[in-house]
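# missing the sequence, but the structure's below:
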């Protein structure tokens, strides 16, 4: 199966890393389903960018934390394009606090969005992705660094990595690869809104390559993993932190 004929679903594809992944896959010739929860205008912008670049794309609204809506998203994708070859699970939420001060609501938010929704996406992908397909989970470098204040967020992402590692073995006989990408500090709206300038400066100082990552840095890794060149890589958690971890 050539990459030009593949159909890719990107959850949380309307902004940030998800947008970069969707647009990058569109430039390879894949038909892209851009999932979004609320910002239809942003999703429409991603779809338009892919189409203007000569690709094929459609935006589909669904809250992937809702099992019924997630199943509906996969149903709609299959109705639109006939099959699924690539699934990128990108939706996530971050809450930071010391373990001793973490609120119950923050725990629930992280595990509902990061772990449960990710699990639901992996389960649907396991039942729907074509043979020789690709599944990629966007996790986080905090599962490696153990940075103070990241405990619940890191735990919710690490649980998803374990699910992906097991799924890689379960889907291996069908030549489907399953991998995780662990971004470090990436220049996104979420980072700008949640991290003071002085903290961002400290982050850069910890990165051997001397800069914050860009969404395209992550998107290029995903594009490689879902390409034919990534066919022998599965069950891996790939650090994407510019050498910081």
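Noted; the coordinates are in hand. None of the values given here were measured: they were computed from a predicted structure.
# in this protein, which residue is most central in space?
Residue closest to the average C-alpha location in the chain (CA atoms, centre = their mean): residue 90, at 2.4 Å.
# below-threshold pLDDT in the chain: ranges please.
Within the chain, the stretches with pLDDT under 70 are 1-4, 194-196.
# 50 - rerun?
Along the chain, the model assigns pLDDT under 50 to residues 1-4.
# can you map out the helices along it?
For the chain, applying DSSP state H gives helices covering 16-27, 40-52, 67-81, 104-110, 117-128, 142-145, 151-171, 189-194, 197-205, 215-226.
# deepest-packed of those helices, please.
Among the helices of the chain, ranked by average contacts under mean count of other CB atoms under 10 Å, first place goes to helix 16-27 (a mean of 26). For every residue, glycine as well, the C-beta is placed using N, CA and C.
# tell me which residues are up against that helix.
8, 10-13, 32, 34, 42, 46, 49-50, 53, 55-57, 86, 88, 90-91, 138, 183, 186, 188-190, 214-216, 218-220, 222-223, 226 (CB atoms under 8 Å, 6 or more residues apart in numbering).
# same check, this time on stretch 53-72
By CB under 8 Å, 6+ apart, stretch 53-72 touches 11-12, 14, 22-23, 26-27, 29-38, 40, 43-44, 46-47, 50-51, 73, 76-77, 80, 91, 112-113, 116-117, 120-121, 124.
# so residue 230 sits right up against residue 177, yeah?
Yes - using CB atoms under 8 Å, residue 230 is in contact with residue 177, at 6.6 Å.
# which of those two has more residues huddled nearby?
residue 177 (21 against 18; other CB atoms under 10 Å).
# my guess is that one meets residue 129, correct?
No - here residue 177 does not reach residue 129: they are 10.1 Å apart, not a contact under CB under 8 Å.
# identify the contacts common to the two.
In contact with both residue 177 and residue 129: 135, 171, using CB under 8 Å, 6+ apart.
# test my guess that residue 207 contacts residue 242.
Yes - Residue 207 is in contact with residue 242 according to CB under 8 Å; the separation is 4.3 Å.
# neighbour count winner among those two?
Comparing residue 207 with residue 242 by other CB under 10 Å, the one with more neighbours is residue 242, at 22 against 17.
# pretty sure that one contacts residue 205?
No - judged on CB under 8 Å, residue 242 makes no contact with residue 205 at a distance of 11.7 Å.
# in the chain, spot the strand with the most residues.
As assigned by DSSP state E, the longest strand anywhere in the chain is strand 129-138.
# by contact count, what packs against that strand?
Judged by 3 or more CB pairs under 8 Å, 6 or more residues apart in numbering; DSSP states H and E, strand 129-138 is in contact with helix 16-27, strand 84-89, helix 117-128, helix 151-171, strand 177-183, helix 215-226.
# name every strand pairing with it and say which way it goes.
Partners of strand 129-138 in the sheet, by DSSP bridges, are strand 84-89 (parallel), strand 177-183 (parallel).
# and the ones you listed, which is most packed in?
Comparing those by mean neighbour count (mean count of other CB under 10 Å), strand 84-89 comes out on top with a mean of 26.
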